[in-house]
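Visitor: Below is the sequence, then the predicted model.
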Amino acid sequence: MNEIDVLKKIASNLTERKNSAALSNYRVLCSNIAFLNRAFATAAGTLRSLHIQIESSLTNDSHLNPQYKSGTDLNAFVPIVSRLQLNSFSVFEKLAALTGPDERAHITLESVSALSRGFDDYNDLVTATRQYIDSIVADSYQLCLLDPKSFNYHVLVSLNSFSKYATKSLAHALFNVEVESALNEFGTIKFKDWAKSHITECNHSTFAQKVDFLFSVLGAPSDPDLPDDLKNLFKFSSEFTHIGYISTFLTSTAGAEVIFGDEDGPYLPSTENFSELKYEILETACKALLATYIPSLVKCLEKLMLKSQADRFSALLHQNAAALSDAIATRNSKYFFFIKTGLIGSSSSIPLTCMCGETRTWVSPHATTDLYCTSCGSSFQLLEVDGDGGYIITSNGPAKIIGANVPDFHDLPMDEQIKLLKQCEEAAKSAHGPQLGGQPDAAP
Ligand SMILES: [Zn+2]
C-alpha cells in the first residue's frame with residue numbers, strides 16, 4: 001500500500017459512512033437520560049444553594065482557621081474559593097441544559113426530521129462536555145491544593161493568553177491596576193520558568209496528571225475505570241473542539257435516514273446514536289462530580305474552616321453526593337428475582353416489579369430477551385426455587401418468591417413482619433447476598 005491507497009481508503013470510509021443504529025432500546029435510553037439529567041441538575045442546584053451558606057460562613061472570621069482569618073496572607077483564598085465555585089456552577093448548568101432527553105411528544109412521520117442529529121448538536125454537546133471535564137478537574141485541583149503559587153500559575157497563564165487578544169473594553173473591564181502589575185511581573189519570567197518561579201508553580205501541567213494527582217489525594221474512586229474514562233472523554237472532546245477531522249465527517253454527512261418507530265412514535269438512527277453518547281457523557285459527568293469536585297470542596301473547607309463548621313458542610317455535601325450516587329446505581333443495574341419452579345414456561349403472565357417502581361409483565365412464552373426494565377434498563381435474572389417456602393431471607397430484606405401462595409410481606413401481621421426482618425438482619429450480618437429487584441409486594 002502506498003500513501004495514495006491509504007488516502008483513498010480514508011476518503012471512502014469518511015464519505016460512504018452508513019448510519020449504524022444503536023442496538024440498545026431507545027425508549028429505555030430516553031428514560032435513563034431524563035432520570036440522570038434530573039439527578040445531575042438537582043445535584044448542581046443543591047451545590048449552588050449550599051454555596052450561599054458556605055460563602056456566608058467564609059466571610060465570618062469566627063468560623064475560619066487562624067491562618068485564613070482576615071488580615072492574614074492566605075485570607076486571599078476566601079473570595080477565590082467562593083468565585084471558583086460560582087464559575088463551576090455555570091459550567092455544570094450548561095452541561096445539564098444540553099443533556100436533557102429528546103422531546104418526542106409531538107413528533108410525527110412528517111416532522112421526524114426534527115430529531116435528526118448532526119454537526120451542530122454534536123458540537124454543542126461535546127464542547128460543553130470538554131469545558132465541563134476540563135474545568136471540573138482544574139477547579140478540583142485548585143480546591144484541593146489551596147496553594148498560592150499553583151493558583152497564580154493557573155490564573156496568570158490564562159490572563160496572559162486572554163490579554164493578548166482581548167479588546168480594549170474587555171481588558172478594561174477585567175484588568176485593574178493590581179492585575180496589570182501581576183501580569184507585568186509574570187511577563188518578566190521566561191516561558192520555560194513559568195512552572196517554577198518566585199511567583200508561580202505548576203507540578204501537574206496536563207489534564208491526565210491532574211486526574212492522577214486528584215485520585216492520589218482523594219482516594220481511588222468507587223468506579224475503577226473513572227480515571228481512564230475522564231482522560232478518554234477529555235481526548236474525545238478535544239477532537240471535536242480542535243481540528244475535528246473525524247468529528248465533522250462523522251456528524252455532517254447529509255442524507256436520508258431510515259425511520260425507526262416505537263410506542264412513543266417515530267425516530268431516527270442519528271437520534272439514537274446521539275442519545276447513546278449523551279447518556280455516556282452524563283454518567284461520566286455525574287461520576288466526576290461525585291469523585292472529584294465534591295470531595296475536593298470538602299477538603300478545601302476542612303482547610304479553611306474550623307472543624308465544627310467544616311463538618312457541618314461536609315455532611316451536607318456528602319448527603320448531596322449520596323443522592324446522586326444512588327441515582328446512578330439504579331440505572332442499567334442487575335436485579336435478581338426468586339421464582340417458584342414451574343412458572344417459567346407456563347401460560348401465566350409474571351409481573352416483575354423493578355426497584356425503580358416500574359412493573360414489567362412477562363408474558364408467555366417468557367422470552368429471556370424481555371427480561372429487562374423498560375424504565376431504567378436494568379436486567380432481571382430469575383432464580384428458580386423449589387418447595388413450598390414463601391419468602392427468601394436475604395441481606396437486603398425478605399423477598400417473596402414469585403408465584404408462592406403467601407401474602408405480600410406488607411400484608412403480613414406486624415409480628416410476622418418483625419420476625420422475618422430479624423432473620424434478614426442475621427443474614428445481612430453473615431453475607432451480602434445478590435441485589436434484589438422484586439420488592440416484597442411485587443409478586444402475584
Ligand atoms: Zn427499573
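Guide: Yep, it's here.
Visitor: okay but residue 212 is in contact with residue 227, surely?
Guide: Yes - between residue 212 and residue 227 there is a contact at 6.8 Å, judged by Cβ atoms under 8 Å. Glycine gets a C-beta too; all of them are placed from N, C-alpha and C.
Visitor: so, in contact with the ion or not, the host helix or strand of residue 45?
Guide: Using DSSP states H and E, residue 45 sits in helix 26-58. No - judged by Cβ under 5 Å from the ion, helix 26-58 makes no contact with the ion; its nearest approach is 8.7 Å.
Visitor: for that helix, which positions count as buried?
Guide: Across helix 26-58, burial judged by 16 or more other Cβ atoms under 10 Å covers 26-33, 35-37, 39-41, 43-44, 46-48, 50-51, 54-55, 57-58.
Visitor: Looking at residue 212 and residue 227, which one has more neighbours?
Guide: Neighbour comparison, residue 212 and residue 227: the larger count goes to residue 227, with 18 against 14 (by other Cβ atoms under 10 Å).
Visitor: List the contacts of the more buried one.
Guide: The neighbourhood of residue 227, defined by Cβ atoms under 8 Å, 6 or more residues apart in numbering, consists of 211, 212, 215, 221.
Visitor: how about those residues in a markdown table, adding secondary structure, distance to residue 313 and pLDDT?
Guide: Below are the contacts of residue 227 laid out as a markdown table (DSSP: H, G, I helix; E, B strand; the rest coil; distance: Cβ to Cβ, whole Å; pLDDT from 0 to 100):
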| residue | secondary structure | distance to residue 313 | pLDDT |
| --- | --- | --- | --- |
| 211 | helix | 25 | 98 |
| 212 | helix | 27 | 97 |
| 215 | helix | 22 | 97 |
| 221 | coil | 21 | 94 |
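Visitor: Quickly check those residues for the two that are furthest apart.
Guide: 212 and 221 (12.0 Å; Cβ to Cβ).
Visitor: Point to the helix or strand of the chain where mean pLDDT is at its lowest.
Guide: helix 245-252 (a mean of 66; mean pLDDT, DSSP states H and E).
Visitor: After that helix, which helix or strand is next?
Guide: Using DSSP H and E, the first helix or strand after helix 245-252 is strand 260-262.
Visitor: Let me know the next secondary structure element after that next one.
Guide: strand 265-267.
Visitor: Could I get the average pLDDT for that next one?
Guide: The average pLDDT within strand 265-267 is 90.
Visitor: Check stretch 329-348 too.
Guide: Here the average pLDDT along stretch 329-348 is 87.
Visitor: Could you do stretch 416-432 as well?
Guide: The model assigns stretch 416-432 a mean pLDDT of 76.
Visitor: Return the set of buried residues in that stretch.
Guide: 420, 424, 427.
Visitor: What about the closest residue to the first one other than its chain neighbours, how many residues nearby?
Guide: Meaning residue 420. Closest residue in space to residue 420, ignoring its immediate chain neighbours: residue 398 at 4.2 Å, by Cβ to Cβ, 6 or more residues apart in numbering. Residue 398 has 21 neighbouring residues, counting by other Cβ under 10 Å.
Visitor: counting contacts, what elements does the helix or strand where residue 398 lies pack onto?
Guide: In the assignment (DSSP H and E), residue 398 maps to strand 397-400. Under the contact criterion of 3 or more Cβ pairs under 8 Å, 6 or more residues apart in numbering; DSSP states H and E, strand 397-400 touches strand 334-340, strand 391-394, helix 414-430.
Visitor: Angles on the backbone of residue 205, please.
Guide: Here the main-chain torsion angles of residue 205 (degrees, to the nearest 10) amount to phi -80, psi -30.
Visitor: OK, contacts around it?
Guide: By Cβ under 8 Å, 6+ apart, residue 205 lies in contact with residue 195.
Visitor: let's see 10 Å
Guide: 153, 157, 194, 195 (Cβ atoms under 10 Å, 6 or more residues apart in numbering).
Visitor: count of neighbours near the closest residue to residue 219 other than its chain neighbours?
Guide: Excluding its sequence neighbours, the residue lying closest to residue 219 (Cβ to Cβ, 6+ apart) is residue 295, at 7.9 Å. Per other Cβ under 10 Å, the neighbour tally for residue 295 reads 23.
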